[in-house]
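# Give me a 3D structure for the following:
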Amino acid sequence: MEDDREWMYEGRIVNEMFSNEWGDKVDEFVAFALRHPECVNGGTTIRCPCTLVKCQNKKFFNVETVKVHLYRNGFVPDYYVWIYHGEKQVHQRCSSSVRVSVSETDQIVSDNMNHTTYHRMVCDAAGLEFNPDEEPNAEVRNFYDMIRAGDKPVYEGNSKHTQLSPAVRMLEIKCRHRCSQAWFDDMSNFIQELLPQDNLMPLDFYNTKKLVRGLGLPVQVIHCCVNNCMIYWGDDSDLNSCKKCGHARYKQMVRGSGNRLYIRKLKVSYKKMLYFPITPRLQRLYASTATANEMRWHSEHHMKDGKMCHPSDAPAWKHFDGCFPDFSSEVRNVRLGLFADGFQPFGQSGQQYSLWPVVVTPYNLPPDLCMKEEFMFLIVLVPGPTNPKGKIDVFLQPLIAELKVCGVGKQSWFNNHRKFLPMNHPYRRNTKDFIKNRKVTKQFPGVRSRDEILQDLNNRGLRKVIDVDAEVVNAAISKTCGWNKRSIFWDFPYWREHLLRHNLDVMHIEKNVFDNIFNTVFNIPGKTKDMYKSRDELNKYCRRPQFAQNLVTSKYPDVPFILNKSQKKDVMEWVKKLRFPDGYASNLGRCVDANKLKMFGIKSHDCHVFMQRLLPIALREFLPNRIWELITEISLFFKQLTSSSLTDEELRNLDEQIPVILCNLEKIFPPSFFDSMEHLPVHLAYEARIAGPVHYRWMYPPEKYLRKIKHKIRNKAQVEGSISIGYIMDEAVKFASFYFKEGDTTLPLKEKRNEVYLDDIVDDDMFEIFKPLGKAIGAEGKRYLADNEYTAAHLYVLMNCPEVQPFIDVFVTEKRKQFPNLNDEAVNAVTEQEFPSWFEKYVCS
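Coordinates of the predicted model:
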């Protein structure tokens with residue numbers, strides 16, 4: 001390395017002139033530095049490595065200034081490894097020449113210090129502006145304390161752990177396993193008994209948190225109106241009462257009794273929201289090499305075979321790049337997704353309290369990291385106890401302002417799907433199976449353009465909810481249109497250019513479609529859509545006299561899409577015996593009520609599995625073919641829609657198929673079956689074609705993340721404060737976990753449940769099909785297979801073993817030569833019947 005870079009100190013001046021060759025090398029050095037964003041500040045400045053005392057890899061300057069300095073003064077001595085400009089051979093950020101001083105005589109880092117990953121952790125957390133040679137202020141002093149702790153062994157003679165390393169490791173264990181503060185204190189006391197008496201291990205949770213407090217990120221407490229009308233922020237931060245409802249900002253803290261009443265000077269607001277600024281959290285993604293490279297994945301990835309496997313493959317992403325080329329040319333710019341959902345922190349039987357977290361996640365990351373909880377950022381915590389409903393925009397104001405600085409009645413939907421069909425489709429002229437005596441000539445006009453939407457909002461005069469007269473004006477306008485407010489997101493200058501501004505959640509749509517089908521087919525009381533009222537309406541709107549009420553007996557005839565008691569019992573017994581691979585689904589057998597013949601407590605993901613995998617099988621033997629086929633078609637629609645990779649052609653086919661599927665369902669089920677959730681699938685394929693695979697936009701990861709937030713509530717009297725403290729601690733230890741192993745910073749590898757490492761247990765000669773995919777559960781047992789079971793198992797092994805595939809090809813080739821007229825279906829049947837015996841003879845011969 002040193003021989004390759006002797007040019008840095010030789011040949012700068014030749015014949016009393018600057019060497020052109022040396023200048024070219026400097027240009028290469030600068031280009032190298034700019035290719036490593038973790039070492040670039042503000043996108044344009046890098047550390048200057050010249051010999052000036054104020055520089056020497058301490059100060060940041062623009063590229064031209066750095067070049068001038070290098071021409072004049074040359075490189076700092078012995079800078080053969082460019083650790084401050086992205087080279088990873090030696091741990092970057094803190095070099096052996098750096099001194100960190102709290103006073104003139106207090107040297108913390110010596111010239112020959114052996115830096116550990118924890119030194120890099122402190123420097124990365126401090127940011128690019130961290131200069132160890134400057135006198136620290138109160139905030140920066142936290143980082144100096146951690147560097148000092150990173151130098152001292154936890155006890156004399158221990159070369160593996162310093163005072164800092166066990167502190168962050170213990171905090172990480174506490175957060176990962178959701179342990180209490182009392183557990184942490186008890187464990188710390190026990191560890192103290194195991195260590196030598198003069199050890200430096202923090203004594204308890206308080207001292208541990210104090211030591212690593214520099215790793216925490218900021219949080220802002222903002223006062224709110226008790227009625228959610230406004231927040232006391234920005235220009236309104238000095239108001240003492242709500243400018244809309246007039247409610248006081250602060251509580252009257254009266255103390256004493258009788259004639260000795262007095263008001264405390266301490267001001268306590270009625271309501272507070274918590275805001276976690278997004279900028280420092282995104283900057284930290286680029287502060288560590290563990291995540292900085294991953295944040296550029298979206299620009300280095302290229303779509304293969306026309307399959308969309310990431311939002312960056314979708315037309316919406318590419319359209320945005322075309323509209324804002326300056327933004328897209330800088331690959332480090334972050335694309336964010338935002339979601340919000342409410343939850344009840346005290347459970348169903350506790351106090352009524354609705355808490356609404358707002359979370360953002362970056363889409364720059366690769367598929368295996370994108371939408372994972374490690375990269376979801378809690379940004380706004382909307383306080384309870386009431387649901388903010390349409391006023392959630394009030395609480396988003398700080399986020400909108402920060403991102404603008406950083407970047408640039410129940411209705412039936414029956415008979416509402418024929419307009420999506422081609423104009424010559426026969427269903428449009430059908431006056432019998434849909435609304436009687438009604439043809440459909442209207443055509444779906446297509447998705448409205450951004451200009452049309454914005455013009456409609458402006459013409460109608462809709463207000464943002466933060467405007468003073470918003471409630472009255474919007475209430476009057478909403479009676480004549482589908483709008484009820486002007487979204488605060490229109491404040492973004494780029495919002496109108498988005499092809500998809502708001503996303504339909506596939507998770508909840510699929511769950512509601514499943515619930516409607518399951519509850520109706522199983523005739524669940526109170527939940528079925530086939531009720532007396534719907535039967536009365538059926539022949540009012542449609543021509544289905546066979547299902548009308550019998551005027552003599554006053555009873556309604558059975559419909560073909562409802563199971564009888566015996567059939568429902570068979571399905572419930574089948575579900576109760578189902579077993580799934582670990583982690584695939586929950587134990588559905590626990591959800592079966594054998595007495596009432598229904599299922600209860602089914603989670604959203606269980607509905608997802610049941611809808612796509614189990615429903616067609618469960619109903620196959622009990623429903624008429626035409627009804628079973630329709631239910632199977634809607635099941636397959638969701639299965640194909642939620643694939644991890646999608647092509648434009650596949651999505652266009654789904655977009656054409658779903659209106660026909662919904663129309664066919666209208667021919668079977670009553671009008672009351674078709675609420676808004678049964679209508680929304682007609683738009684899902686289009687959204688996937690525009691924005692990419694749905695698993696980057698559905699609510700499964702956010703719902704899982706909300707569960708994690710809920711577990712942080714330790715003090716039920718201070719819900720928001722408990723979540724805030726736990727979240728800040730989580731952020732700190734998550735960042736610290738990148739540095740637990742010596743060497744280059746890496747994302748911690750989470751071992752999945754029952755995961756096995758094949759290198760330890762697999763023989764090189766073992767067939768692929770016999771390699772274990774997980775650990776066995778429960779005790780080992782033996783069972784003798786019946787003849788038909790043995791034959792099926794034997795055939796399965798042969799047909800699914802890659803090593804046997806060449807022999808299958810030989811067998812198929814022989815059969816096609818022997819019987820040229822065999823089609824593919826016949827060849828498959830012959831293979832299943834004759835291949836096992838043929839294979840045995842072929843191998844033994």
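
# in which helix or strand would I find the residue positioned nearest the centre of the chain?
When CA atoms, centre = their mean is applied to the chain, the residue found nearest the centroid is Met371 (2.3 Å). Secondary structure assignment for Met371, by DSSP states H and E: no helix or strand.

# What score does it have for pLDDT?
pLDDT for Met371: 87.

# Enumerate every residue touching it.
Neighbour list for Met371: Thr361, His695, Tyr696, Pro701 [criterion: CB atoms under 8 Å, 6 or more residues apart in numbering]. (Each C-beta comes from the backbone N, C-alpha and C, glycine too.)

# what's around the third one, how many residues?
The burial count assigned to Tyr696 is 20, neighbours taken as other CB atoms under 10 Å.

# Look up how far Ala688 lies from it.
Note on Tyr696: its distance to Ala688, by CB to CB, to the nearest Å, is 10 Å.

# Same question for the first one.
Between Thr361 and Ala688 the distance, using CB to CB, works out to 18 Å.

# neighbour count winner among those two?
Ala688 (27 against 21).

# Would you map the strands across the stretch 451-600 of the chain?
Here the stretch 451-600 of the chain has its strands, by DSSP state E, counting those that start in this stretch, at 592-593, 598-599.

# who does the first one touch, helix- and strand-wise?
Counting contacts by 3 or more CB pairs under 8 Å, 6 or more residues apart in numbering; DSSP states H and E, the secondary-structure elements packed against strand 592-593 are helix 565-576.

# Please point out which parts of the helix it packs on sit buried.
Under the neighbour-count criterion of 16 or more other CB atoms under 10 Å, helix 565-576 has Gln567, Lys568, Val571, Met572, Val575 buried.

# Which single one of the residues you listed is nearest to His69?
Val575 (73.6 Å; CB to CB).

# Quick check, the closest one in contact with Asn587.
No. At 10.3 Å, Val575 does not count as touching Asn587 under the criterion of CB atoms under 8 Å.

# in the protein, which helix or strand is least confident?
Every helix and strand of the chain was ranked by mean pLDDT, DSSP states H and E. The lowest is helix 758-761, at a mean of 52.

# shaky segments in the protein?
1-3, 16, 42, 88-144, 147, 253-265, 348-350, 405-412, 740-765, 772-777 (pLDDT under 70).

# any idea how far Phe414 is from Ile658?
Distance from Ile658 to Phe414, by CB to CB: 16 Å.

# Next, count neighbours for Arg783.
6.

# wait, Phe819
Count around Phe819 with other CB under 10 Å applied: 11.

# residue contacts, it?
Applying CB under 8 Å, 6+ apart, no residues contact Phe819.

# The one 10 residues further on too?
Applying CB under 8 Å, 6+ apart, one finds that Ala829 lies in contact with no residue.

# can you give me phi and psi for it?
Dihedral pair for Ala829: phi -70, psi -40, per degrees, to the nearest 10.

# cool, and Phe343?
phi -150, psi 160.

# And for it, nearest residue in space, chain neighbours not counted?
Leu706 (5.3 Å; CB to CB, 6 or more residues apart in numbering).

# Identify the farthest-apart pair in the contacts of Met371.
Counting by CB to CB, the most remote pair of those is Thr361 and His695, 12.6 Å apart.

# I figured Val830 hits Gln818, correct?
No. With contact defined as CB under 8 Å, Val830 and Gln818 do not form a contacting pair (9.8 Å).

# And the two? Which one has more around it.
Using other CB under 10 Å as the criterion, Val830 and Gln818 rank with Val830 on top: 17 against 9.

# mind listing what that one touches?
Lys815, Leu822.

# Can you classify it by secondary structure?
Assigned by DSSP: H, G, I helix; E, B strand; the rest coil, the conformation of Val830 is helix.

# How about the contacts made by His425?
So His425 contacts Arg418, Val660 (CB under 8 Å, 6+ apart).

# My guess is Lys67 contacts Glu28. True?
No. Using CB under 8 Å, Lys67 is not in contact with Glu28; the gap is 11.7 Å.

# more neighbours, those two?
Looking at Lys67 and Glu28 with other CB under 10 Å, you find the greater number of neighbours at Lys67, namely 18 against 11.

# in the helix or strand encompassing that one, what's buried?
Using DSSP H and E, Lys67 maps to helix 63-73. If you call a residue buried by 16+ other CB under 10 Å, then helix 63-73 has these buried ones: Val63, Thr65, Val66, Lys67, His69, Leu70, Tyr71, Asn73.

# Check the gap between the last one and Arg5 for me.
Shown here: Asn73 relative to Arg5, a distance of 17 Å by CB to CB.

# do the same with Ile379
Distance of Ile379 to Arg5, given as CB to CB: 45 Å.

# show me what contacts the residue nearest to Phe343?
Asp341, Phe343, Pro357.

# and it, which of the three is it?
Leu706 ends up helix, using three-state DSSP.

# if I look at it, how far off is Leu538?
Distance from Leu706 to Leu538, by CB to CB: 40 Å.
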